[in-house]
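Enquirer: Have a look; sequence and predicted model below, questions after that.
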Amino acid sequence: MVTSGELFGEFVEKVREGKPAALATVIEGPGATGARMLLDRSGILGGTLGDEALDRSVRERTAALLREGASEVFEAGPVRVFIEVHLPPPRLVIVGAVHIAITLGRLAREMGFRVVVSDARGRFATPERFPDVDELILGWPSEVLPQLQLDEFSYVVVITHDAKLDNPALVAALRSPAPYVGALGSKRTHARRMKALREAGLSDEEIGRIHAPIGLEIGARTPQEIALATMAEIVAVRNGAWAADGAGGPR
Amino acid sequence: MNDILPTLEAWKAAGEEIALATVVRTVGSSPRPVGAKMAVTASEKMVGSVSGGCVEGAVSEAALEVLKTRAPKLLKFGVADEEAWAVGLSCGGTIEVFVEPLEW
């Protein structure tokens, strides 16, 4: 049988790897406290709280908590169970090491995001321009994006100003579970882009996921202002403050 | 948790006996969120915090006791609580802290 300490060790390992996980611990009740169960989105990974029915109800509650990213004390009669939920930090992937990316990367780090910047052009993607991003990757979007394993904690901003680089990045991002995909460009550029993406085999629904022109409408003109508008839009999406009816714009 | 992990691992490697304290519930204003952790060794080393400093003293004493008894303990501190006044919970609100021996 796995011990409570071993389950804690496995939980720590998941947290370190940036994987969603939950650790349930009996903190009060008529029986022994300290009993543990480790869970993730697939269900119970190990351990028991000492009672099958309790394990089951905690598993159900944990599934919801893993979606919300919240920890809580779960009460089942006289028994209280602390369910500690850990979700990986959100990640901002910026394709295009352009001027907007410099400010956007800084803002994102302030907001608690891990920041990845990628560009195929070596003169843009330099450590001098991006001293504090978490990862700076030199390479073609069609090769880099699949390596990044975009998941539901990934937010993607495509701003190379070059359709040759933008479009493959958008194809990869739109086919991933990333909750946000934003692209720079005027309405006219976007119309051309939609045509190219349809030809690349994307559905209208997939293409409709693109936030373009990028960012909340705050009259942004400078790269810094566009970065701010974009970050605000990402925060709105992350907080669920975004109309999901296809009309666009914040609620 | 990430904040105290490197220290926890160093202690583990050094064979220290560790008690782990976790904030499991807060009501009202509280400087540290649910999940915040603090650890104490039998040799009385400390890392992390579970409040703005209001209850750390009481928690560390409970931690040393837990290391002796090997039985986990749930501590409740609140402004209406006599024990809280004794340790000076100036932050306001209520917090519950679970303290357990960590064998990992």
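Expert: Structure received. Numbering: from 1, shown residues only, chains lettered A, B, ... in the order given.

Enquirer: Residue of chain A closest to chain B, please.
Expert: Ranked by CB to the nearest CB, the top residue of chain A for proximity to chain B is residue A:5, at 3.6 Å. Where C-beta positions appear, they are placed from N, C-alpha and C, glycine not excepted.

Enquirer: Contacts only, for that residue.
Expert: B:102, B:103, B:104 (CB atoms under 8 Å, 6 or more residues apart in numbering or on different chains).

Enquirer: in chain B, which residue is closest to the centre?
Expert: For chain B, residue B:21 is the residue whose C-alpha lies nearest the centre (CA atoms, centre = their mean; 3.4 Å).

Enquirer: State the distance from it to residue B:2.
Expert: Shown here: residue B:21 relative to residue B:2, a distance of 16 Å by CB to CB, to the nearest Å.

Enquirer: Can you show me the helices along chain B?
Expert: In chain B, the segments counted as helices under DSSP state H are B:5-13, B:56-69, B:82-87.

Enquirer: And for the closest residue to residue A:29 other than its chain neighbours, the neighbour number?
Expert: Distances taken as CB to CB, 6 or more residues apart in numbering or on different chains place residue A:79 nearest to residue A:29, at 3.7 Å, with adjacent residues excluded. Applying other CB atoms under 10 Å in any protein chain shown, we find 20 residues neighbouring residue A:79.

Enquirer: quick one, phi/psi of residue A:79?
Expert: phi -90, psi 130 (degrees, to the nearest 10).

Enquirer: Least confident secondary structure element in chain B?
Expert: Here the helix or strand of chain B ranked lowest by mean pLDDT, DSSP states H and E is helix B:82-87, holding a mean of 51.

Enquirer: Residues of the stretch 1-150 of chain A that sit close to chain B?
Expert: A:3-6, A:8-9, A:12, A:15-16, A:25, A:27-28, A:33-34, A:71-73, A:80, A:82, A:84, A:86 (CB under 8 Å from any CB of the partner chain).

Enquirer: I only care about those residues that end up buried; give me the PyMOL line for that.
Expert: Entered in PyMOL, the line below selects the buried ones among these, by 16 or more other CB atoms under 10 Å in any protein chain shown:
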select buried, chain A and resi 4+5+6+8+9+12+15+25+27+28+33+34+71+72+73+80+82+84+86
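
Enquirer: among the residues of the stretch 1-150 of chain A next to chain B, which are in strands?
Expert: A:25, A:27, A:28, A:72, A:73, A:80, A:82, A:84, A:86 (DSSP state E).

Enquirer: The second one contacts residue A:84, doesn't it?
Expert: In this case it means residue A:27. No. Residue A:27 is beyond contact range of residue A:84, at 10.6 Å (criterion: CB atoms under 8 Å).

Enquirer: Okay, and the beta partners of the residue nearest to the centre of chain B?
Expert: Going by DSSP bridges, residue B:21 is paired in beta bridges with residue B:38, residue B:99.

Enquirer: measure it to residue A:113 for me?
Expert: 29 Å.

Enquirer: Three-state assignment for the residue nearest to residue A:109 when sequence neighbours are not counted, please.
Expert: Closest residue to residue A:109 apart from its sequence neighbours, by CB to CB, 6+ apart: residue A:115 at 5.6 Å. The three-state label given to residue A:115 by DSSP: H, G, I helix; E, B strand; the rest coil is strand.

Enquirer: So what's the residue count around residue B:3?
Expert: By the measure other CB under 10 Å, the count of residues near residue B:3 is 11.

Enquirer: List the beta-bridge partners for the closest residue to it other than its chain neighbours.
Expert: Excluding the flanking residues, the one nearest residue B:3 by CB to CB, 6+ apart is residue B:48, at 6.3 Å. In this entry, residue B:48 is beta-bridged to residue B:38, by DSSP bridges.

Enquirer: need the contact list for residue 21.
Expert: Using chain A here. A:11, A:14, A:15, A:38, A:39, A:40, A:45, A:85, A:86.

Enquirer: Correction: the question concerned chain B.
Expert: B:37, B:38, B:39, B:40, B:50, B:59, B:62, B:63, B:75, B:97, B:98, B:99.

Enquirer: now it: how far from residue B:104?
Expert: 15 Å.

Enquirer: Quick check: residues of chain B near chain A?
Expert: B:1-2, B:5, B:20, B:22, B:24-25, B:34-35, B:71-72, B:74, B:96, B:98, B:100, B:102-104.

Enquirer: Now a ChimeraX select for only the buried ones of these.
Expert: Under the burial definition 16+ other CB under 10 Å, those of those that qualify are selected in ChimeraX by:
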select /B:1,5,20,22,24,25,34,72,74,96,98,100,102,104
